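In: Model the following, please.
(chains A and B)
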Amino acid sequence: MRSQRALRWLVGGPPFVFLVVFFLLPALIMVVASFRYPGEFGGLAPLFPTKPGDETGLTAESYTVFFGDWVYFEIFAKSFGVAALTTLVCLIMAYPLAALIARRPKGQRNLMVLLVVLPFASNFLVRVYAWMIILGPFDLLFNRFAVICGMVYVHLPFMILPLYTNLEKHDPALLDAAQDLGANAWHRFWRVTFPLSLPGIFSGSALVFIPVLGMFAIPEILGGKDDWIVGNMIKESFLGTRDWPFGSMLSLMLTVAVLAVAGGASWLAARGMRRA
Amino acid sequence: MALLEIRNVTRRFGSLTAVDDVSVSVEAGEFFTLLGPSGCGKTTLLRMIAGFDQPDAGAIVLDGVDMADTAPERRPIHTVFQSYALFPHMTVSQNIAFPLRMAGIAAGQIAARVRDTLALVHLEEKEQHYPHELSGGQKQRVALARSLVNRPRLLLLDEPLGALDAKLREEMQVELLEMQREVGITFVFVTHSQTEALALSDRIAVMNEGRIEQLDEPSKIYGMPKNRFVADFIGNINMLEGEVAEAEGGRIRLRVQGLGEIEARGDAALHAGASAAVALRPEQVRIAAPDAALDLPNRYRGKVHDFLYVGDVTTYIVDLPNGQRLQALLPNSSPGRAKFFEVGDAVAVAWPAEAGVVLTR
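Out: Got it, this is the predicted structure:
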């Protein structure tokens, strides 16, 4: 009993400590930072005054700015729109492909999955710049379309893999049974395959939706000034205007918004499951 | 006219002929069984009846209509799959309602018919449960209910009891029979278990290597096998090889090396000198003390080699003078008495002439 507990700590301990030190603590530091004043040349102003007239201590100024201006809400809305559209396009493109791979003989499947992840072997920025070369001649660059193209291209494998993993586990006898009991091709998909693949759809969507919100490179390279999303704003706060508290606040708000969306989606899904 | 007619159906997979020129007629209301070892073609035949596979030659005719151009979802035939194939994301009620919804039946009617069918399989209290919350026997019942709810013309059952333990299997056999009588639907049952086939069927087709070896009612299949395969596949049997000494009417005398002549029954169309075997069920062989009075034509001395006590009966394995071993079954009708003979005991074995069946193939 005791040795089992020791073993649990031995195995689980190192990652636990790692996550506390490099994830939980930084997250808390960020919360605190969002309530502080920016330093003169980036960074944060000291908590206690060193000379009179300094802005020191804690303040909710970043939040007042954020909630005081519709423009931030609009950027958030636009970001969620881009993320949602990217997720939807990825889903529509990935589903048939994942289903196709899942129905191939076992040997071929592994090769096809390898091909799906093969783009990761080349550098991310190279792949994004490649889209400039593709879209440039058609004058399709620096707009929302180009951003979505880049987003979909980069994130598509993250949708295919969970979907494939899910679809591959489906018992083919279920489709036979459905057909045997009178279901045509559409009903076999809609009543059997689709509902059973919902977990795959959810995890694939999360793996696309959330990283897209924080992405700044693709809008910066392929989009126009109007296509900036939350990720760009966060990056700009830290590296451009050097307002760390504002950047911390934005990134915190993004986390809250993502959690709210995820919570809402899982609530809807649970309700849908009960009704179905 | 028969409900289902399988006419000269052949199905090949590469160089393998899975189903080889099979013809069978199944009558309405019948409990028909396809029995055979794995790989004999019974499941392939079943899949062709269901429509999941197409014959390379021949026709499958239901109610006088050739089914060749009818997709599985449009055939009035349902299948109970070996793995049950219940929809895991649907409750018991939703599973059973599925074929009704696919048939476009009004929601109000569906509820009533689902309830009736749940009562038929004694699962009223499980209607809101999901398949993973059910035991093997309950899943089996749901699968049956789902296939029966919209009254197909024909129900195909693919080894439906294979995944159940022995006790439950026996209970389900009884239930299957009752259910079939109640709904009056024709069952085509596929199994490799001869006990299941014998217990349930009106008629059995014994299949081997894509062909039907014998098509008969259970007692004929068991008591009058047509060839060595059927005799050997169904139950335990003793085979005594020899050559025909004399064939007259239904009586045949077979000369067996080192044993003498055996009297048995068989087709008269045998000529002396032909090689043949006598197939003999263990329960037909009498075993007694060597000096016991047994007024039977086939009587030999032997020695008990071994015995298997299985509760209701004991199987004695007896060494015959020619070195061959013979199984003889003795019911344990005296309580508490495990055996009548010991290993090494000298015994007499005997059987009536009509107990032995002469097989040439």
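In: Give me the distance between stretch B:341-361 and the centre of its chain.
Out: 25 Å (CA atoms, centre = their mean, to the nearest Å).
In: where in chain A is pLDDT low?
Out: A:1, A:51-54, A:272-276 (pLDDT under 70).
In: Point me to the residue sitting closest to the centre of it.
Out: Central residue of chain A (CA atoms, centre = their mean): A:Ile210, 1.8 Å from the mean position.
In: and if you look at chain B?
Out: B:Ala197 (2.6 Å).
In: what does the helix or strand containing that residue contact?
Out: Following DSSP states H and E, one finds B:Ala197 within helix B:194-200. Helix B:194-200 is touched from outside by B:31, B:33, B:35, B:161, B:169, B:173, B:176-177, B:189, B:191, B:204, B:218, B:221-222, B:233-235, with contacts defined as CB atoms under 8 Å, 6 or more residues apart in numbering or on different chains. (C-beta placed from N, C-alpha, C; glycine too.)
In: buried ones in it?
Out: B:Gln194, B:Glu196, B:Ala197, B:Leu198, B:Leu200 (16 or more other CB atoms under 10 Å in any protein chain shown).
In: State the mean pLDDT of the helix or strand following that helix.
Out: Using DSSP H and E, the helix or strand that directly follows helix B:194-200 along the chain is strand B:203-208. If you average the pLDDT over strand B:203-208, you get 94.
In: What is strand B:203-208 packed up against?
Out: Applying 3 or more CB pairs under 8 Å, 6 or more residues apart in numbering or on different chains; DSSP states H and E, we find strand B:203-208 packed against strand B:31-35, strand B:211-216, helix B:218-223, helix B:228-233.
In: In the last one, which residues are buried?
Out: The neighbour-count criterion (16+ other CB under 10 Å) identifies B:Arg228, B:Phe229, B:Val230, B:Ala231, B:Phe233 as the buried residues of helix B:228-233.
In: residues in contact with the third one?
Out: With contacts taken as CB under 8 Å, 6+ apart, B:Val230 has the following neighbours: B:Val206, B:Glu213, B:Gln214, B:Ile221.
In: Which one of the buried residues of helix B:228-233 is nearest to chain A?
Out: Within these, the smallest distance to chain A is 27.4 Å, found for B:Phe233 (CB to the nearest CB).
In: quick one, what contacts the closest residue to chain A within the stretch 151-300 of chain B?
Out: Distances between the stretch 151-300 of chain B and chain A by CB to the nearest CB are smallest at B:Leu156, namely 8.6 Å. Applying CB under 8 Å, 6+ apart to B:Leu156 gives the contacts B:Leu46, B:Ile49, B:Ala50, B:Ile77, B:His78, B:Thr79, B:Val80, B:Val188, B:Val190.
In: Tell me the secondary structure at it.
Out: Following DSSP: H, G, I helix; E, B strand; the rest coil, B:Leu156 is assigned to strand.
In: tell me, how many neighbours does the closest residue to B:Gly162 other than its chain neighbours end up with?
Out: The shortest distance from B:Gly162 to any non-neighbouring residue, by CB to CB, 6 or more residues apart in numbering or on different chains, is to B:Gln82 (5.8 Å). Per other CB atoms under 10 Å in any protein chain shown, the neighbour tally for B:Gln82 reads 17.
In: so B:Gln82 makes contact with B:Pro160?
Out: Yes - using CB atoms under 8 Å, B:Gln82 is in contact with B:Pro160, at 6.8 Å.
In: Can I get stretch B:47-63 in CSV, CA atoms only?
Out: Presented in CSV, the C-alpha positions along stretch B:47-63 are these (Å, rounded to 0.1, in the frame of the first residue of the first chain):
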residue,chain,number,x,y,z
ARG,B,47,-24.7,-12.6,-45.5
MET,B,48,-26.0,-13.2,-49.0
ILE,B,49,-29.5,-13.8,-47.8
ALA,B,50,-29.2,-10.5,-45.8
GLY,B,51,-27.9,-8.8,-48.9
PHE,B,52,-24.4,-7.8,-47.6
ASP,B,53,-22.9,-10.1,-50.2
GLN,B,54,-23.9,-11.1,-53.7
PRO,B,55,-23.8,-14.6,-55.1
ASP,B,56,-21.5,-15.2,-58.1
ALA,B,57,-24.0,-17.5,-59.5
GLY,B,58,-27.5,-18.6,-58.6
ALA,B,59,-30.4,-16.7,-57.0
ILE,B,60,-31.9,-15.9,-53.6
VAL,B,61,-35.7,-15.7,-53.9
LEU,B,62,-38.0,-14.4,-51.1
ASP,B,63,-41.7,-14.7,-51.5
